[in-house]
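Peer 1: fold the following and give me the result.
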Amino acid sequence: MASLSIVVPAYNEEENVEQAIQRISAVAQTLGIDYEIILVNDGSRDRTGEIGAALEGRVPNYRLVQHFPNRGYGGALKAGFATATKDLIAFIPADNQFDFAEIRPLLAALDHADIVSGYRANRQDSPLRKLNAFGWNVLVRLLFGYLCRDIDCGFKVFKRDVLRAVHLESDGAMIDTELLAGARARGYRIAEVPVTHLPRVAGSPTGANPRVILRAFRDLIRFRQRLSRELREERQQAVAAGAAGNAGRR
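Peer 2: Numbers count the residues shown, from 1 in each chain. Okay, the predicted model is just below:
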């Protein structure tokens, strides 16, 4: 039976983080699989790290990764992925806007996919955030084709093997596109499952920050160029390996 690493990135979520970890833990204990919970405190300026540290020893199969200074959403996820030890990796934010109990249909969809992305069936965000998301999804589809309907949904699960083929560089909001586009370009299968999106009742989102948006657009263009280069180099290596194999059989 597959095992599961649950990565929880957090930045300035002191009002949410303890409840988020407790809820995730309660669900994880009912899944009947080997699991671990990894909270990544990404250089928070509030008590997120302190609260996260206090949970060690109280929450089963839980540990804390501390980032100082702040590295961004992508940087936090990469640190969690690097720490993860299980066959499958799920990630979900610490803002309590998703119900981790809905991990079950995401896990079930892995029977016919390598990555399963949630999509917010009734997105509980401001009109500005919804507009930004629409524009971002359109641009990503123009550059990479259709990947999924809600690229930046923060609730996903994927097979650990994907990370062996897909190189993640972004420290920002572009990391979801890196993961999905990089995987699709290499033949990995992506499935989608609707998930409940809950209103944020505490803390402040950072995704609509103009600096975050500008960095994501800059990283997107750079990633398009890098992905083309990587795929070209991988094809050349495959051709060279095939030629060497044929020569060895002569």
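
Peer 1: ok, the nearest residue to I24 once chain neighbours are set aside - contacts?
Peer 2: Using C-beta to C-beta, 6 or more residues apart in numbering and skipping the chain neighbours, the partner closest in space to I24 is F100 (4.7 Å). For the C-beta atoms, the positions are set from N, CA and C on the backbone; glycine is no exception. F100 makes contacts with I6, R23, I24, V27, A28, I92, as judged by C-beta atoms under 8 Å, 6 or more residues apart in numbering.

Peer 1: how about those in CSV, adding neighbour count and pLDDT?
Peer 2: Supplementary listing: the contacts of F100 in CSV, determined by neighbours: other C-beta atoms under 10 Å; pLDDT from 0 to 100:
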residue, neighbour count, pLDDT
I6, 28, 98
R23, 16, 98
I24, 24, 98
V27, 16, 98
A28, 21, 98
I92, 27, 98
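
Peer 1: which ones among those lie within helices?
Peer 2: Counted as lying in helices by DSSP state H, out of the contacts of F100, are R23, I24, V27, A28.

Peer 1: what ranges do the helices span in the protein?
Peer 2: 17-28, 48-54, 73-83, 103-109, 127-144, 162-165, 175-185, 210-249.

Peer 1: between the ones you listed, which gets nearest to A202?
Peer 2: Proximity to A202, assessed across those by C-beta to C-beta, is greatest for helix 17-28 (9.0 Å).

Peer 1: quick one: low-confidence ranges for this protein?
Peer 2: 1, 203-210, 243-250 (pLDDT under 70).

Peer 1: who's in contact with the residue nearest to the spatial centre of the chain?
Peer 2: Residue closest to the average C-alpha location in the chain (C-alpha atoms, centre = their mean): F91, at 5.2 Å. Taking C-beta under 8 Å, 6+ apart, we find F91 in contact with I6, V7, V8, P9, L77, G80, G154, F155, K156, V157.

Peer 1: shouldn't the last one be in contact with L107?
Peer 2: Yep, that's V157 we're talking about. Yes - between V157 and L107 there is a contact under C-beta atoms under 8 Å: 6.3 Å.

Peer 1: joint contacts of those two?
Peer 2: Joint contacts of V157 and L107 (C-beta under 8 Å, 6+ apart) are L4, L88, V116.

Peer 1: tell me which of the residues you listed fall in strands.
Peer 2: L4, L88, V116 (DSSP state E).

Peer 1: for ChimeraX, what selects the buried ones among those?
Peer 2: Provided next is the ChimeraX selection string for whichever of those are buried by 16 or more other C-beta atoms under 10 Å:
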select :4,88,116
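
Peer 1: the nearest residue to L168 once chain neighbours are set aside and F100, how far apart?
Peer 2: In space, and not counting its chain neighbours, L168 is closest to E178: 5.3 Å by C-beta to C-beta, 6+ apart. Distance of E178 to F100, computed by C-beta to C-beta, to the nearest Å: 24 Å.
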